[in-house]
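Colleague: Provided below for reference: sequence and predicted model.
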There are 2 protein chains.
Amino acid sequence: MDIKKSNMNTLFNPKSVAVIGASGKKDKLGFHVMKSLTRGGFSGTIVPINPGIIEIMSLKTFPSILEYPHEIDLAIVVLPAAMVPAIFEECLKKGVKAIVLITAGFKEIDDPGGAELHKHLADIVHRSRVPVIGPNTFGMINLHSSLNASFTPEFSLLKKGGIGLVSQSGGMCHLISFLALRDEIGFSKIVGIGNRLNVDFAQMVDHLMQDPDTNVIAMYMEGIDNPKELITTAKTYGGKKPIVAYKTGLGEIGNRASHSHTGSIAGRGEVYSGAFGQAGILTVNSVEDLLDTAKALSVVPPMKGSSVAILSSQAGPGIAAADICQMSNLDIGSFSDETQNTINEILPPLALRTNPVDMGPAWYNSEALVGIVDAVMQDENIEGVLLFMMFASANVDSIKGLSFLLKNPKQKKPLITCLSAPPGIWDEQIKQFEKANILVNFPTPERAARVMVNLNRWRKAGRIV
Amino acid sequence: MDIKKSNMNTLFNPKSVAVIGASGKKDKLGFHVMKSLTRGGFSGTIVPINPGIIEIMSLKTFPSILEYPHEIDLAIVVLPAAMVPAIFEECLKKGVKAIVLITAGFKEIDDPGGAELHKHLADIVHRSRVPVIGPNTFGMINLHSSLNASFTPEFSLLKKGGIGLVSQSGGMCHLISFLALRDEIGFSKIVGIGNRLNVDFAQMVDHLMQDPDTNVIAMYMEGIDNPKELITTAKTYGGKKPIVAYKTGLGEIGNRASHSHTGSIAGRGEVYSGAFGQAGILTVNSVEDLLDTAKALSVVPPMKGSSVAILSSQAGPGIAAADICQMSNLDIGSFSDETQNTINEILPPLALRTNPVDMGPAWYNSEALVGIVDAVMQDENIEGVLLFMMFASANVDSIKGLSFLLKNPKQKKPLITCLSAPPGIWDEQIKQFEKANILVNFPTPERAARVMVNLNRWRKAGRIV
C-alpha cells in the first residue's frame, strides 16, 4: 500500500478541508461532519460540497469540489457508496492530498459488488499515492491541530495528550473516548481506520512513530489483512514508542462477526499475541486495560527492572495487588537497608513493614505515610511503586502530604496509585498530581497493579533492537 | 461461635448506642465515630462515653456506660486494646445486646499478648452470647435504619439497596463504597468484620439470608478461620439469595500479608473456589467484578437458561462481548423464526442479522433499534440480553427509544447494557432506566458480558438444593 509520506502529514494537518456530501439536515451524517469541523476549533478553510444548497452553517457551498477555486488538502466523503468512485476521480483531479471516506457498504457487505467497488477505489487512489482513511469509518481527529474530521463533534472535548489511538471499530473508539473524557486522559490522534482502503495499522504505526505529538500508540483491532506488514513496521522502530494492542474476534462467533464488520479474517489470539510480543507490541485484554495501560505509558518514566514496592494505607488493597504482581512475574522486591530502617522507625512492629508494606497502623498519620513513600521512591532497589490509600474521615488530609512529590517532578520511576474517596473530596488533588505527571491514578488496586505488570511487560517487550 | 439471634437483630437495629471512647478531638477515631452516628440520620439515642468531658457534639457525655441511667442496645468501643476487657465486662453488666469493637491490636499483632487478649475477650462475650463486630474494624452500617456505626460518616451518603456487603478489609469496604457512590449502587448493610471475635462470614451469611432488606450477599475475604462453617451455612440456605465472594491472599506474599492483616491463614484460591461453588457461592476476581455482579444480581430477574443475545449498535463492542461469552460457556443462541424475521425486515442484508446482531446499518435509526430490542426481549429462546450502544451526534435520541421498556417493568430476563456517551448526555436517562430496574448498565461491553457470565454461573451454582 504505497502512500506518500508527505500526504500522510497533510491528512492530519490540512489547510483546507472539503466535505463532499455536506448537509444542513440533522438526519444526514454530512450534517454531523460539518458540525464537528466547524465547532472543533479548526483554523483552516472548510468547504462544504453539495450541488443542491448555497450555504451550510454559514459557509458558502460548492456544487462540486472541482468548482471550488482554491486548493483542497483533505476531502471528507460522506456520500452513498455507488457515487464514491466518480467522487474519488474528481478529488484526484483536484489534487487533494488525502481522503477520509466515511461511507460504508464496500468490502464488508455480502454482495460481491462491495468488494469490487473497494478494489476499484484502491486502484484509483493507488496512482496518486493518496492516503484514504476508511471506508466505513466515523473519521479521524487530530487534537493537536483541532481537526475533527469525524461525524462526532464530541471528540473535540478530549484533552490533548500523547496517546495515538487507531481503531478498526468506530464503536470502540467512541467508547474509549468517552471513558477518557470522564478521566481526562489526553490523545494526540484518534483514527478509525474502518475497512482500510490503503491505510492499515502498519501505515498508522509508521506515521505515529514519527509523529512528535504521539508517545504511545494504542490499537483496537478485530482482524488484520497483513499482520506481517504491521509486525515488520513495529520491529523497524525497535521499541521507539510503546504500542499497546487490544484484539478481539478471538472466538469463532466473534471472528465471524468481525469478518462481517470490517471484511477481514480475525484469527486466533495466541498467534497474534506471540508474534506481537516479538515485535514489541504489548497485547491487552479489554478496553479498560488498553486505556489504563496507554494512560500510564504516555506519562510515566520507563521501568528499569521488575522490582516493585506495594505501599498500602489499608492492608486489603495491597494484598489484592500482591496477588496480581505475583501471578504476573513482577518481583515484590526487598528494600535497601536504609529504606527498611526508615520504615521500621516510622511503623510500629504491629504490621507488615517489609514489602508489601501495610501502612495500616499509620493510616491516618500523614507524616508517617509521606516518610515511607519518600524513602521507597528513592530506594534504588525498587523500580516501580504501587501506592494505595482509601479515604476515611480521619485521613482526609493525607492526600495533601503527597504534595512533597511535586517538588521533584522529574521522578525516575513509575508511581501508580489507587487513591480513592467519595466524589468531590480528593478529585482536585488527584488531578493536580496527575497533571504534574508525578503519579497515575486508577479506580481500583487491581487495575493499578495490572498497569504496573504491563509497564514491566513493555520494559521487556520494548527491548527488541 | 454461639451468638443469640435476637442480639444480631439488635446489633443492626439498636434503639440506643453508646460510643465508649467518644471524643471531641479530630485526631481521635472516637470523634469520627460520633460524627458518623450524629450525622447519619440515626433516630435512636446516642450516648457518648468519656470520663473527661461533659458534652460531645451537644450530647451529654457520661463517664462510664454504667452511669448512663437507661438501656443501651449497642456499644461501639474505640479505646486502646489494653482497656477493652474491662470495658467489655462493663458492657455485659449493663446488658448491651451487641458490640462494635473498632480498636485494633489483638490477634493480628506479632506480640503473643495480642492473641491472648483476643481469646480473653471471646471468653467474656461467650457467656452472654453477645455478637461483636471486630476487633480491628472501621465498624458497620445499616443503611435501612440510618445507623452508621463506623468511623467514616461518608458511608451514610450511599443509597439504600439490596446488597449486603461483608468485608474482612476496611480499605476494600471503603473502596467498594466509593465506587458505588459514583455509580449510585444501593446497599442494605456494610459490615467490616475485621478480626472476627465471634461474628465471621458464616454468622453474617446466616443473618443476611434472613434479612428482608438484603437480596444479595457480597463478601470480600482474605482468609477464613473456619471455611467449613461458612460453606455449611451457605448450603443450608440452598441458593435462597445469591452470594458473591472475592478472595485475595492467593499468592504466597499476599497470603503472608493477609495473615499479618487479620490474623488468619489465607490459603489457595482454587480450593476455595471449588468448595464455594458447591455451596452456591459465586467467586469473582476483583472489586469491580464483585460490585458489578452484586449490582446486577440485586435487581435483575434470574436467568432461566444459558442462551444470550448480543445486540450492538456498533459491531466492535458486540465482538468483544461475543469473545467473552464464548470463552465462558454462555450460549450465543439462535433466535426464534419470528424474531429472526423481524430483524431481517428491519436490517438490510449488509450486516450480521443473526445473533450477535450488528445493528450497525441502523445505528442512528432509533425505531429500528427499538424494533430489534423489543423482538429479542420477547424471544423465548433467549434468556438474557446484552445491549450495547455508543453515542454519536447522529444517534443522540436513540436512548429515548429504549423508554418503551418502561412500559413493562416486570420484564422476565436480564437486560445488561453498555450505553455510553460523553458526560452529561445520556446519564439521566440511563439512571432513570436503572431506577426502574429495566436494565443494568456498565462502563464497558466486557464488564457487561462478564456480569452476564456470572448471572449464568449463579443460575447453575444457585441450584444446590
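Modeller: Good, I have the coordinates. Residues are numbered from 1 along each chain as shown, chains lettered A, B, ... in the order given.
Colleague: tell me which helix or strand in chain A has the weakest average pLDDT.
Modeller: The weakest-scoring helix or strand in chain A, judged by mean pLDDT, DSSP states H and E, is helix A:252-262 (a mean of 64).
Colleague: ok, residue A:123 - contacts?
Modeller: Not one residue lies near residue A:123 by C-beta atoms under 8 Å, 6 or more residues apart in numbering or on different chains. Where you see a C-beta, it was placed from the backbone N, CA and C, and this is true even at glycine.
Colleague: can you give me the strands in the stretch 301-450 of chain A?
Modeller: Along the stretch 301-450 of chain A, counting by DSSP state E, counting those that start in this stretch, strands occupy A:307-312, A:331-332, A:357-358, A:384-390, A:415-420, A:440-441.
Colleague: sheet partners, orientation included, of the longest one?
Modeller: Listed by DSSP bridges, the sheet partners of strand A:384-390 and their directions read strand A:307-312 (parallel), strand A:415-420 (parallel).
Colleague: also the last one?
Modeller: Take DSSP bridges as the rule and strand A:440-441 pairs in its sheet with strand A:415-420 (parallel).
Colleague: may I see the buried residues of the partner strand?
Modeller: Under the neighbour-count criterion of 16 or more other C-beta atoms under 10 Å in any protein chain shown, strand A:415-420 has A:415, A:416, A:417, A:418, A:419, A:420 buried.
Colleague: how about those in CSV, adding pLDDT and distance to residue A:367?
Modeller: Shown next, in CSV, are the buried residues of strand A:415-420 (pLDDT from 0 to 100; distance: C-beta to C-beta, whole Å):
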residue, pLDDT, distance to residue A:367
A:415, 97, 19
A:416, 98, 23
A:417, 98, 19
A:418, 98, 21
A:419, 98, 17
A:420, 98, 21
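Colleague: out of those residues, which one sits closest to chain B?
Modeller: In terms of C-beta to the nearest C-beta, no member of those lies closer to chain B than residue A:420, at 4.9 Å.
Colleague: can you name the residues bridging to the closest one?
Modeller: The partner list for residue A:420 in beta bridges (DSSP bridges) reads residue A:390.
Colleague: residues in contact with it?
Modeller: Contacts of residue A:420 by C-beta under 8 Å, 6+ apart are A:389, A:390, A:391, A:426, A:443, B:174, B:175, B:178, B:179.
Colleague: which among those residues count as buried?
Modeller: Neighbour counting with 16+ other C-beta under 10 Å marks A:389, A:390, A:391, A:426, A:443, B:174, B:175, B:178, B:179 as buried within the contacts of residue A:420.
Colleague: need those in TSV (columns: distance to residue A:399 and pLDDT).
Modeller: Output for these, formatted as TSV (distance: C-beta to C-beta, whole Å; pLDDT from 0 to 100):
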residue	distance to residue A:399	pLDDT
A:389	7	97
A:390	11	97
A:391	8	96
A:426	5	97
A:443	16	98
B:174	14	98
B:175	15	98
B:178	13	98
B:179	18	98
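Colleague: which of these sits closest to residue A:314?
Modeller: Each of those was checked against residue A:314 using C-beta to C-beta; the closest is residue A:390, at 5.5 Å.
Colleague: give me the distance between residue A:62 and chain B.
Modeller: Using C-beta to the nearest C-beta, to the nearest Å, residue A:62 is found at 24 Å from chain B.
Colleague: phi, psi for that residue please.
Modeller: Note on residue A:62: its backbone torsions stand at phi -110, psi 150 [degrees, to the nearest 10].
Colleague: look at it and report its pLDDT.
Modeller: Listed pLDDT for residue A:62 reads 98.
Colleague: likewise residue A:270?
Modeller: Looking at residue A:270, its pLDDT stands at 67.
Colleague: could you do residue A:110 as well?
Modeller: Note on residue A:110: pLDDT of 62.
Colleague: ok, the one 5 residues further on next?
Modeller: In the prediction, the pLDDT value recorded for residue A:115 is 85.
Colleague: again with the one 4 residues further on
Modeller: Predicted confidence (pLDDT) at residue A:119: the value is 91.
Colleague: which SSE is immediately downstream of the least confident helix or strand of chain A?
Modeller: Next helix or strand after helix A:252-262 toward the C-terminus (DSSP states H and E): helix A:269-278.
Colleague: gap between the residue of chain A positioned farthest from its centre and residue A:28?
Modeller: Distance from the centre of chain A peaks at residue A:349, with 44.3 Å (C-alpha atoms, centre = their mean). In this view, residue A:349 and residue A:28 are 71 Å apart by C-beta to C-beta, to the nearest Å.
Colleague: where do the helices of the stretch 1-150 of chain A begin and end?
Modeller: Ranges of helices within the stretch 1-150 of chain A are A:5-12, A:29-39, A:84-94, A:112-128, based on DSSP state H, counting those that start in this stretch.
Colleague: just the CA trace of the longest one, in CSV.
Modeller: It stands for helix A:112-128. Output in CSV follows, covering the C-alpha atoms of helix A:112-128 (Å, rounded to 0.1, in the frame of the first residue of the first chain):
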residue,chain,number,x,y,z
PRO,A,112,-19.6,-9.2,-4.1
GLY,A,113,-20.2,-5.8,-5.7
GLY,A,114,-19.0,-4.3,-2.5
ALA,A,115,-15.6,-5.9,-2.8
GLU,A,116,-15.3,-5.0,-6.4
LEU,A,117,-16.1,-1.4,-5.6
HIS,A,118,-13.5,-1.5,-2.8
LYS,A,119,-10.8,-2.8,-5.3
HIS,A,120,-11.8,-0.2,-7.8
LEU,A,121,-11.3,2.6,-5.3
ALA,A,122,-8.0,1.2,-4.3
ASP,A,123,-6.9,1.3,-7.9
ILE,A,124,-8.0,4.9,-8.3
VAL,A,125,-6.0,6.2,-5.3
HIS,A,126,-3.0,3.9,-6.0
ARG,A,127,-1.9,6.1,-8.9
SER,A,128,-1.6,9.3,-6.8
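Colleague: in that helix, what's buried?
Modeller: Residues A:114, A:117, A:118, A:121, A:122, A:124, A:125, A:128 are the ones in helix A:112-128 that count as buried (16+ other C-beta under 10 Å).
Colleague: which one of these is nearest chain B?
Modeller: Among the buried residues of helix A:112-128, residue A:114 lies closest to chain B (C-beta to the nearest C-beta), at 8.5 Å.
Colleague: which non-adjacent residue is nearest the closest one?
Modeller: residue A:106 (4.9 Å; C-beta to C-beta, 6 or more residues apart in numbering or on different chains).
Colleague: for that neighbour, grab phi and psi.
Modeller: Main-chain torsions, residue A:106, degrees, to the nearest 10: phi -110, psi -110.
Colleague: phi, psi of residue A:408?
Modeller: Backbone torsions of residue A:408, given as degrees, to the nearest 10, read phi -130, psi 70.
Colleague: circling back to that earlier point, turn the strands of the stretch 301-450 of chain A into CSV, including distance to residue A:150.
Modeller: Below are the strands of the stretch 301-450 of chain A laid out as CSV (distance: least, C-beta to C-beta, whole Å):
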stretch, distance to residue A:150
strand A:307-312, 39
strand A:331-332, 44
strand A:357-358, 47
strand A:384-390, 36
strand A:415-420, 32
strand A:440-441, 27
